Each structure stands twice: as structure tokens, then as C-alpha cells.
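Novice: task: produce atomic coordinates for the following.
(one chain, ligands or ions: 1)
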Amino acid sequence: MTYQHICMPKVGEKIFVKDGKLKVPKHPIIGFIEGDGIGPDITKSSLLVWDAAVEAAYSGDRKIHWCEIYLGEKAASLYDGNYFPNETLEVIKQIMVAIKGPLTTPIGGGFRSLNVALRQELDLYACVRPIRYYAGVPSPMRHPEKVDIVIFRENTEDVYAGIEYKSGTPENAKITKFLREEMGAKFFEDAGIGIKPISPFGSKRLVRKAIQYAIDHGRDSVTLVHKGNIMKFTEGAFRNWGYEVARTEFADQTITEDELYSVYGGKQPPSKVVIKDRIADIMFQLLQLRPEEFSVLATMNLNGDYLSDAVAAEVGGIGIAPGANIADHVAVFEATHGTAPKYANLDRVNPGSLLLSGVMLLQYIGWIEAAELIESALACVIADKTVTYDFARQMTGATEVSTSKFCELLITKMIGQTQILRKEIEHRRHNQEEYRRILEAARVADPVQAMIASGHMPTVVGNIMSPVITVKSNDLVNTAMHTMVEEGVDAVMVEPDDSLQWGIMTDRDVLKKIISANLSPARVRVGEVTTRPLVTAKPEMSLAEAAQRMSEANVRRVVVEADGNPIGMVTDNDLFRTVEVFGWGSEI
Ligand code: NAP
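Specialist: Numbering: from 1, shown residues only. Reported below is the predicted structural model:
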């Protein structure tokens, strides 16, 4: 097919979809839109970096064949004033993947903005923003290196749907009448009215993408962000539909946070993604205090809008934050800043946002090695303090370099130091693993404290149980006492005896049955002071029911049991602490 101005590369093949999956040839054709203002400066230099990374990673075996396509001012100059030519859309649909520089919003051009039009025409429903820290970038956080988060923001519903009725208009009067008279709604006179549609279709396809991303990229959790405590049928429904997608479509690859505590004792099974949810306002707090607990976020439009910029600001990264808008398969990657017209053609600005959008593109087509090389080289060049003006003015001792020089330095790093960069990638992975182990150990050691810290509201005994320590029935009591002291517990589970029943031995049993009876713990077997049968609860039992069970049986702890085996313990003190911290109400 021939086009008016677009020239398809003669070499290279199109990316295609087979069995619902993207198939990427070794020599794919990928589109680029130069963009307006500073667009040409950053695009020209970035193309050199992306090509060099692919060459360094695959030594000629793979290569991208770039196809220039047109939007914005360059399009207008070629297509008689048309900022948004049809053939650009057609080509993106055909080649599936493209990257774009920033575009000027034409005044009175008939579009809300070219970016919005592109998203709507191609139904790019997921806005993806990965946000992580690069050492040396100025940041307001004490530990910005803990931020490594990918936000999936819904792009088509919520406030983005733009269903609004202006105060004082006939449309507003009509809907006001309907809401008051037929729906019994109460609100002040002359209120402007906005409608917030959230559908199962829109929510599920967004969350599906977020979960699939977490699985494909070895990310350990997906957090559904919502304000469902107030807006139950929109924000709360988003949360519920999100869990439903996980349960029905990713049952083997995901567990819920409740299951993490109740079934797995706080220890995340390998290759399972934890699905959790947080109220939006608490999320802002948590992302400042404990960003390391979040990996992938799935959000509706407005929450995602706020969160993306807030998290990017934490790592000083608004200037270098990358982004992408993705449909089921078609994806357009883009710099998140604008055209900064006063810097156009000066070769001065930071190419980081576009460069890292290219990293996302490489990840999207599965060329992870090339993507990692650019990320690591960028980290090294920033750490060397050879940076563009925007960073240089905020860093002490930095050397300011031009856009093209910055990219040259990146290329030198990638070509000359591939081995060193790979070691750094390994080091970073190791640190992430290490952090996860520390987190798991903390959850296992003190689940109530872990709950408090995570911002998750405990509702069932599985959420707050401690792990069990077991001893044998014919162990000597003094050996069991040493174990209790070493493990810092005041009760141990006793393995089944001839009655095949599990039992429990507490410090009070030792006090009552051995010390006060003037017996030697070195001569008495554990089985002789063990209580059987146990007072048990299922992990999903509510905290109120567990408290009832304890008081009825006149015991200070219940043993949490699954499939006939003890998996945890909850004491009266755990319940007391939980209620003291989280309060008591319908939520518990
Ligand atoms: P802007 O172009 O993002 O520029 C605002 C300021 O941000 C610049 O003056 C500069 O700050 C800094 N900046 C932006 N990009 C930079 C980079 N790569 N390196 C270093 N500093 C950078 O925002 P705007 O002035 O509001 O918008 C200008 C045009 O861009 C408008 O037409 C708008 O519609 C459009 N826009 C397009 C997109 C898009 O295509 N995705 C997004 C936003 C805006 P200093 O002056 O402090 O150096």
C-alpha cells in the first residue's frame, strides 16, 4: 500500500498478533513521531541511543527499522494544515507499535488535544507510567531509591469521559429535575453536575493488563487504588471487579493479600503476584512513607492522574518520567512533558523522558536486554553528574551537557561497559530480593505490626495470626522451653500423639503443671503437660467470632487451622492490639 507522505522501510517486517499475543520479528518496523518544539532534538538523539542499545545487546542479530509518521506541526506542514492525518492512524494500526515526541495542542483546531484524539481513535485505554529513582537525581525524599512503581491508569472512563452539565444551562436543569424528582437526590441550587461512569468492561480490561504486566515482569504485587468507602458503586466496584479478574482469569498466578496472611503465613510463594487494595487517600501517605511495598498500581482515571505526578515528583522525575498509552495490542510510547517551545532547536533539554519511553517500548516488544542496558547507562551517566541544564541547576558539582552530548555519553557507556552495566543490573535485582526477604520476615514475626505498617485493615483471624512453632510430644519440657525462649513465643504446638490430635503447651502450663508442682522440666515429657483437643478457628473467621470462641472456651488463644493442620495462632493480646490500633466498627 502506498501513502501520501509515509515511506514504509523497504527492509523489516511488521509486528503482528497471533493467538492473542504480540509476535515481534527480529527486524520489526516501528513508527516514530518526531513531535513539535523540542521534539526533533530529543527524538534525533534518542533514536541513536535505542539503536546502539539494540546493537550492543544483540550484536546485529536484531535491529529496529524506523518508519517516520506524522502528527502535529510537521504533519500540518506536509498535509495542507492537517495536524492529524488519517494515514498516520492507519499506519499505527498496521505496525502496532510507535513512539512519539511531545505535540503542540493546536488552538481552535477542532481537537481537545492531539494526544487525546490519538488515545480515543486507537482506544488506548491504559496509560502506563513506570516511576523509579536514578541515583543523583534531586529528590525531596529521604530514600527515593525505594520507589520503583508502575502505574496503570484507566484512560477512557471516570472524569475522562467528560460527562458534565454546566450550571444554569437547560441540560443542567433537565438532569437536575430528573435527579431530584425521580431519584430523590438532594444537592444545592445551581450545582454543576458531573457524571462518573465506571464499567466492569473498562475496569476489568485495565486491571487485566496490570496483572499481566506484573506476571510478565516478575513484579510481586498489584494494588487496586480506589475510594470505595465513599463511592461504593463506582470506585468500590472498580476494586471488586479487579479482584474478580484476578480470581477468575489469573487464579494460578495470583493470591490476595488476605490469603498471603491467612494461607501462606505472610510468606509470598514464588511466582505468585499478590493482589491488594488501598483507599486512595491512604495511598498518598503510604507512597511517601513505605513506597517499597508497592510495585504495580491499577487506578481509575482521576486517582491515577494525581498519583502519577505525585510519585514522579518523589523521585525528582517529572522531567524524565516516561509513559505509554496502550490498547489490547497497539501501543504508543511518549515523552510525558510538553514541547517547551522556548528550548526548540537549542539541543539543550533533557531527553530522559523520551529515552525511557523507548526503554518501555523495548520491554513491550520483549527486548529486555537492550532496555536494561539503556536504564543502567542512564543511571551511570546521571551518577557521574554529566547532565542537561535542568538537572545541572539542581545538583552541586554537575557538568552541564547538551542533549546530543548526553546521548553520546550514554552510548559510550553501553558500548564500552556492557559487562559492568550487567553487574549493576544484577546488583539491583539482588537488593530487591533482599528487601522482599526482610519484609516477609517482618510479616511472619509480627503480623499485627505488619498490618499496621501496610495500611491494610485486618478483618479475619488469618490476617493477624502468628506462625506456629512445633515440638514433639516426647520431647523433654526443658528442651521445649529453650525453643520457646529462642523463638520468642509463649506457646508451642505439640505434634499429634497416639490420639492423632494436635495439642498446645503454653508458658502457663509449665508454670502450673511443672514449676508450681515442684517437678523438674528435665524429667517431664511435653505430652504430659499438653492440652488437647485444641480450640481452633478457620483463617477466614472474623475477629469478633474468634473473641467469642476464646471467651466461651475460657482460653487465651485460638489455633488457626487449615486442612486439619495448625497454620497459625491468634492470642487475646493480638486481638486487643488490633482493636486498639484499628478501632472497632462495621469494618472489622
Ligand atoms: P512543557 O512543554 O512541558 O514545558 C514546561 C517547562 O518544563 C519548560 O519550560 C521546562 O522548564 C520544563 N521542561 C519540559 N520538558 C523538558 C525537558 N525535556 N528537559 C528539561 N526541561 C523540560 O509544558 P507547557 O509549556 O505547559 O506546554 C507547551 C506545549 O506542550 C503546549 O502546547 C502543550 O499543550 C503541549 N504539551 C504536550 C504534551 C504531550 O505532547 N504529551 C504534554 C504536555 C504539554 P524550565 O523553563 O524551568 O527550564
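Novice: and the pLDDT at Glu259?
Specialist: Glu259 carries a pLDDT score of 85 in this model.
Novice: which residue comes closest to it once chain neighbours are left out?
Specialist: Of all residues not flanking Glu259 in the chain, Gly462 sits nearest, at 7.8 Å (Cβ to Cβ, 6 or more residues apart in numbering). No exception for glycine: its C-beta is placed from N, CA and C like everyone else's.
Novice: same check on Asp309?
Specialist: Nearest residue to Asp309, sequence neighbours excluded (Cβ to Cβ, 6+ apart): Ile318, at 6.7 Å.
Novice: OK, contacts around the one you found?
Specialist: 309, 312, 336-337 (Cβ atoms under 8 Å, 6 or more residues apart in numbering).
Novice: so which of the residues you listed wins on neighbours?
Specialist: Ala312 (24 neighbours; other Cβ atoms under 10 Å).
Novice: tell me the buried residues in stretch 489-498?
Specialist: 489-495, 497 (16 or more other Cβ atoms under 10 Å).
Novice: still on that earlier bit, so which of the contacts of Ile318 are also by the ligand?
Specialist: His337 (Cβ under 6 Å from any ligand atom).
Novice: list just the nearest of the contacts of Ile318 to Thr156.
Specialist: Thr336 (18.6 Å; Cβ to Cβ).
Novice: can you list contacts of stretch 385-400?
Specialist: In contact with stretch 385-400 (Cβ under 8 Å, 6+ apart) are residues 136-138, 316, 319, 348-351, 381-382, 401-403, 405-406, 409.
Novice: next step: those restricted to helices.
Specialist: Members of these lying in helices (criterion: DSSP state H): 381-382, 403, 405-406, 409.
Novice: correct me if wrong: Asp148 contacts Tyr134.
Specialist: No - counting by Cβ atoms under 8 Å, Tyr134 is not a contact partner of Asp148; they are 11.0 Å apart.
Novice: compare neighbour counts for these two and give me the winner.
Specialist: It is Tyr134, of Asp148 and Tyr134, that has more neighbours when counted by other Cβ under 10 Å, with 23 against 18.
Novice: find the closest residue to the ligand in the stretch 301-450 of the chain.
Specialist: Of all residues in the stretch 301-450 of the chain, Gly338 sits closest to the ligand, at 2.5 Å by Cβ to the nearest ligand atom.
Novice: let me see the contact set for that residue.
Specialist: Here Gly338 is in contact with 37, 102 (criterion: Cβ under 8 Å, 6+ apart).
Novice: just Met505 next, same as before
Specialist: So Met505 contacts 471, 477, 480, 491-492, 494, 526, 529-531 (Cβ under 8 Å, 6+ apart).
Novice: of those residues, buried ones?
Specialist: 471, 477, 480, 491-492, 494, 526, 529-530.
Novice: where do the strands sit along the stretch 251-400 of the chain?
Specialist: Applying DSSP state E, counting those that start in this stretch to the stretch 251-400 of the chain gives strands spanning 254-256, 273-279, 296-299, 322-326, 331-335, 386-387, 399-400.
Novice: format those as JSON lines; extra columns: mean neighbour count.
Specialist: JSON lines is the format used below for those (neighbours: other Cβ atoms under 10 Å):
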{"stretch": "strand 254-256", "mean neighbour count": "19"}
{"stretch": "strand 273-279", "mean neighbour count": "22"}
{"stretch": "strand 296-299", "mean neighbour count": "28"}
{"stretch": "strand 322-326", "mean neighbour count": "23"}
{"stretch": "strand 331-335", "mean neighbour count": "26"}
{"stretch": "strand 386-387", "mean neighbour count": "21"}
{"stretch": "strand 399-400", "mean neighbour count": "14"}
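Novice: quick one: the helices in the stretch 51-200 of the chain?
Specialist: Assigned by DSSP state H, counting those that start in this stretch, the helices in the stretch 51-200 of the chain fall at 72-78, 86-95, 114-122, 170-177, 200-216.
Novice: which one of those helices has the lowest average pLDDT?
Specialist: Comparing mean pLDDT over the helices of the stretch 51-200 of the chain, the weakest stretch is helix 114-122, at a mean of 88.
Novice: that one and the ligand, any residue contact?
Specialist: Yes - judged by Cβ under 6 Å from any ligand atom, helix 114-122 and the ligand are in contact via Asn115.
Novice: tell me what that helix is packed against?
Specialist: Counting contacts by 3 or more Cβ pairs under 8 Å, 6 or more residues apart in numbering; DSSP states H and E, helix 114-122 packs against helix 86-95, strand 322-326, strand 331-335.
Novice: so how far is the second one off the chain centroid?
Specialist: Meaning strand 322-326. The chain centroid and the centroid of strand 322-326 are separated by 14 Å under Cα atoms, centre = their mean, to the nearest Å.
Novice: distance-wise, check the residue lying farthest from the centre of the chain relative to Val524.
Specialist: When each C-alpha in the chain is compared with the mean C-alpha position (Cα atoms, centre = their mean), Asn518 comes out farthest, at 58.5 Å. Distance of Asn518 to Val524, computed by Cβ to Cβ, to the nearest Å: 12 Å.
Novice: equivalent analysis for Glu293, please.
Specialist: Looking at Glu293 against Val524, where the rule is Cβ to Cβ, the gap reads 45 Å.
Novice: same check, this time on Asp384
Specialist: For Asp384 relative to Val524 (Cβ to Cβ), the value is 68 Å.
Novice: check Val147 too.
Specialist: From Val147 to Val524 the distance is 55 Å (Cβ to Cβ).
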